[in-house]
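Trainee: I'll drop the sequence and a predicted model, then ask my questions.
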Amino acid sequence: MHPAPSVILFTTFSGLGFGLLFWLGLGAITPSGLSAFIWFALAYAMAVGGLLASTFHLGRPERAIKAFSQWRTSWLSREAIAAVATLIIMGIYALFSLFGAHLKLVGFIGAIGAIATVFTTSMIYAQMKTVPRWRHWTTPALFLTLSIGGGALFAGQIATTFLLFTAAAALQGYTWITGDSRLAQSGTDMKTATGLGHIGDVRAFEPPHTGTNYLMREFIHVVGRKHAQKLRMIALILSFALPVFFLNFHFNHMLALLAVISHIAGVLTLRWLFFAEAEHVVGLYYGKR
Amino acid sequence: MTTLPTSTQKKLGLVIDLDTCVGCHACVISCKGWNTENYGAPLSDQDPYGANPTGTFLNRVHSYEVQPPNLKDGAQPAAQLIHFPKSCLHCDDAPCVTVCPTGASYKRSEDGIVLVNEQDCIGCGLCAWACPYGARELDADAGVMKKCTLCVDRIYNENLPEEDRQPACVRTCPSNARHFGDFADPESNVSILTRERGGFDLMPEQGTKPVNKYLPPRPKDVAPEFDVLAPYLEPIAADAKGFVGWLDKALNALPGGVN
């Protein structure tokens, strides 16, 4: 899959933003006044910024409002509704927090909404039967762990961050190991794609056109996988190892900032790999993965 | 509404015959010709006369080389070149429809055609992600998703002569490799072809239940060594007689070897 910057930014920052909103809603920290404003502004900047980034992926962003209508079948529609509902509920919670009142029930509902939003985002990918690497329980599990873990880091929940980062790193490793063979195990190959497997081995002889096309640009991304193994290690170090290292010292804001920057860079790399490594079965028609 | 109909009255679709397709791409051109100026936004091209031309097509023809396994005596049979037209299969269980967040994608309950309402399409591309066949392409100019309409603006169009009321690709195919009809009717041309020729689904394991069927290439004959001219090319005189016979012997007797 083409690793589009808009979608990478969207999943990374909205994940972190809703992760932070989750901890704020649960009351892990209960800031008020100016500090509440700063916390919520940070969470909203990431969550809303991420959502806005996703609209750059659209061909006709001016019609985005229509995406709220098909919640019965579409995970993207469910995500849009969950995101906006959560932002409204947490907006009410945030408003009261400014004046020192923490509406526990509203915050709790908002925290569940934040989880639901990240879950619906992950299901957009996990539902894709055409991308065997994504169609697995590890996709939502990893999105949720990364979101809540990153949120815990932002919210300064250091012990919880350590715990969730360990879980996320283990889960990511498991996802990579099992994901690498999932296309082969899916049963979809050039033989089933063409239905010619009963005759013999199928090889793409001539593509339908001399140039490229939308399908090849969107779904076939081979070059980027060349350095995947190195990038995996870099991503693990940036996302989890370095932030844990920085937070191990006596807490100060400079180190916390370094931890946060390292984590964001790491998650961006993870998301780049999430798309760049994903093989869409349509590539088989072009003899590519 | 992106909920799929539980059943459709008709199941309109195509049968594509991989045995007779000659890979001429006429269906590609007639499809683009008809659909760029009729239903919905035009099928745009980018840099059409430049170094890196691309464009939106609803039907594309791949070519595959299939190498049969070696025979019992170890001989390698000739590889087959098979031309492979591919357009929307109008699946019964169309994954592209259910993922659509706006309701722009839908499957018609009356005839099973999968269409995009371009006024509602936000161009998110998710339907193209969900399609295993690459049947949908986002038009780079209009920003909306384009796909085969089964020429819905031809097949019911009473302004056209009756023989033209079929998809442009079917109408134009010079080798009759494409057939249009109703799969819900067991006695339709497409149902009979599918039954008699062993029509198959593409990627059946994806669970999309495609309506369009593909007919496999017929087994190739193994032609015996055969040459119509051979009897006429037999040497007429194996050994010469008379003067020529004496000359032959005399020349062979000279030093320099026997010919």
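Mentor: Cool, the structure landed.

Trainee: What parts of the stretch 151-259 of chain B come near chain A?
Mentor: With CB under 8 Å from any CB of the partner chain as the criterion, the stretch 151-259 of chain B comes near chain A at residues B:200-207, B:214, B:216-217. Bear in mind the C-beta positions are built from the backbone N, C-alpha and C, glycine included.

Trainee: Name only those of the residues you listed that count as buried.
Mentor: Among those, those scoring as buried are B:200-203, B:206, B:214, B:216-217 (criterion: 16 or more other CB atoms under 10 Å in any protein chain shown).

Trainee: Nearest to chain B within chain A, name that residue for me.
Mentor: A:Gly59 (2.0 Å; CB to the nearest CB).

Trainee: Contact partners for the residue lying closest to that residue once chain neighbours are set aside?
Mentor: Leaving out its chain neighbours, the residue that sits closest to A:Gly59 by CB to CB, 6 or more residues apart in numbering or on different chains is B:Gly123, at 2.0 Å. Taking CB atoms under 8 Å, 6 or more residues apart in numbering or on different chains, we find B:Gly123 in contact with A:58-60, B:138, B:143-145.

Trainee: same check, this time on A:Ala169
Mentor: When the contact criterion is CB under 8 Å, 6+ apart, the partners of A:Ala169 are A:236, A:239-240.

Trainee: one more time with 10 Å
Mentor: Under the criterion of CB atoms under 10 Å, 6 or more residues apart in numbering or on different chains, the contact partners of A:Ala169 comprise A:145, A:149, A:235-236, A:239-241, A:244.

Trainee: Enumerate the positions of the helix or strand where it lies that are buried.
Mentor: For A:Ala169, the enclosing helix or strand under DSSP states H and E is helix A:158-179. For helix A:158-179, a neighbour-count test (16+ other CB under 10 Å) marks A:158, A:160-162, A:164-165, A:167-169, A:171-172, A:175-176, A:179 as buried.

Trainee: now the helices: where do they sit in the stretch 151-259 of chain B?
Mentor: B:152-155, B:168-172, B:189-197, B:242-253 (DSSP state H, counting those that start in this stretch).

Trainee: what helices or strands is the host helix or strand of A:Gly266 leaning on?
Mentor: Mapping A:Gly266 onto the secondary structure by DSSP H and E places it in helix A:253-276. With contacts defined as 3 or more CB pairs under 10 Å, 6 or more residues apart in numbering or on different chains; DSSP states H and E, the secondary structure elements packing on helix A:253-276 are helix A:5-26, helix A:138-154, helix A:158-179, helix A:228-236, helix A:242-248.

Trainee: residue of chain B with the smallest distance to chain A?
Mentor: Counting by CB to the nearest CB, chain B gets nearest to chain A through B:Gly123 (2.0 Å).

Trainee: can you tell me how far that residue sits from A:Lys226?
Mentor: Using CB to CB, to the nearest Å, B:Gly123 is found at 30 Å from A:Lys226.

Trainee: Quick check: closest non-adjacent residue to A:Ala67.
Mentor: On the basis of CB to CB, 6+ apart, the spatially nearest residue to A:Ala67 that is not a chain neighbour turns out to be B:Pro101, at 3.9 Å.

Trainee: neighbours of the one you found, just the number please.
Mentor: A total of 29 residues lie near B:Pro101 under the criterion other CB atoms under 10 Å in any protein chain shown.

Trainee: need the contact list for it.
Mentor: A:64, A:66-71, A:73-81, A:124, B:2, B:120, B:122, B:124, B:126-127.

Trainee: re the thing from before, would you say the residue of chain B closest to chain A is within a strand?
Mentor: No - when DSSP: H, G, I helix; E, B strand; the rest coil is applied, B:Gly123 is found to be coil, with no strand at that position.

Trainee: Now it, what are its backbone angles?
Mentor: Main-chain torsions, B:Gly123, degrees, to the nearest 10: phi 70, psi 40.

Trainee: Perfect, that will be all.
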